[in-house]
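Undergrad: Here is my input, please return the structure:
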Amino acid sequence: MPVKSALRTLSLFEMFADQKRALSLSEIARLLDIPQSSCFSLIRTLQDAGYLYSLDGRRQVYPTKRLLDLADVISHHDPVLDHLRPYLEQLRDVCEETVILGVREGMSVIYLDVQESRETIRYSANAGEKKPLHSSAIGKAMLGEVSPREREKLINRLNLLPVTANTIVSTNQLDEDIKQSLARGCFVTRGENVSDVMAVAKVIHGVGGVFGVAIAGPMHRMEDAQDRHILSLNDWCQKIEQVE
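TA: Below you'll find the predicted structure:
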């Protein structure tokens, strides 16, 4: 069961990232859709802890760098990313497309790292984003990791909502797609999670668990280079698992 106060605190910082400016008590309460009394208590708690500071005669608040400094330390000691990030950067440079590292969390995939392509037109995403298992390339790769019996049960439990017009929303079609992908050795999405974006993905074992790696980019570029990207991804996964 979600902890309401924790979610509210996270929503506060996400709101500042979205607004990109200092905010008053009334603005924060309105944007978070909470009573001003609850908002005042939240702000005062975070000010006392050093995460917010007052300005404009104490009528507005803004986050300090405390959260950034903590996040920087945490990120630089991530046991998975500390090991894999250089390899992810190499794969991005070889393919010239965005490279994503993700892991299954329940019925979703959560992005752990995103190394964006340097191309002007590219697929963009952020670490921490959650994607459905049935519409994302990494999600499909994770479905391919479980036994056929477990996969059937899992697919039947999924809420196969259409993310785009191309999303697979049939349990039989999704199961067949996974089987074909297993035979091919690579999992593919074509505009199923983001329109006009194609991705190819595989899983890697080790580094503390099972993770998915995807190469994603605009459909027209990815289709032209699909075979090359799959070869690069295969080579990359073999290299990582040999190191492990």
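
Undergrad: ok, residue 171 - contacts?
TA: Residues near residue 171 by Cβ atoms under 8 Å, 6 or more residues apart in numbering: 155, 156, 158, 160. Yep, even glycine has a C-beta here, placed from its N, CA and C like the rest.

Undergrad: which pair in these spans the largest distance?
TA: Greatest spacing in the contacts of residue 171, by Cβ to Cβ: 156 and 160 (9.7 Å).

Undergrad: out of these two, which sits in the busier spot?
TA: Counting neighbours by other Cβ atoms under 10 Å for residue 156 and for residue 160 shows that residue 160 has the greater number, 18 against 10.

Undergrad: And the more buried one, which helix or strand is it part of?
TA: Residue 160 belongs to no helix or strand when assigned by DSSP states H and E.

Undergrad: right, and the helix or strand after the strand or helix carrying residue 149?
TA: When elements are defined using DSSP H and E, residue 149 is found to belong to helix 148-157. Tracing the chain C-terminally past helix 148-157 and defining elements by DSSP H and E, one meets helix 171-184 next.

Undergrad: tell me the contacts of residue 16?
TA: So residue 16 contacts 23, 62, 63 (Cβ under 8 Å, 6+ apart).

Undergrad: which of these lies closest to residue 174?
TA: residue 63 (41.5 Å).

Undergrad: Look up how far residue 195 lies from that closest one.
TA: Computed as Cβ to Cβ, to the nearest Å, the residue 63 to residue 195 distance reads 34 Å.

Undergrad: Which pLDDT value belongs to the residue sitting furthest away from the middle of the chain?
TA: Relative to the C-alpha centroid of the chain, counting by Cα atoms, centre = their mean, residue 57 is the outermost residue, at 38.9 Å. pLDDT, residue 57: 74.

Undergrad: Over to residue 185?
TA: Reading off the model, residue 185 has pLDDT 91.

Undergrad: gap between it and residue 55?
TA: 56 Å.

Undergrad: Repeat that for residue 33.
TA: If you measure residue 33 against residue 55 using Cβ to Cβ, the figure is 24 Å.

Undergrad: ok, and what's touching the biggest helix by length in the chain?
TA: Secondary structure assigned by DSSP state H gives helix 226-243 as the longest helix of the chain. Defining contact as Cβ under 8 Å, 6+ apart, one finds that helix 226-243 is touched by 84, 87, 90-91, 94-95, 97, 185-186, 188, 198, 200-207, 213, 215, 222.
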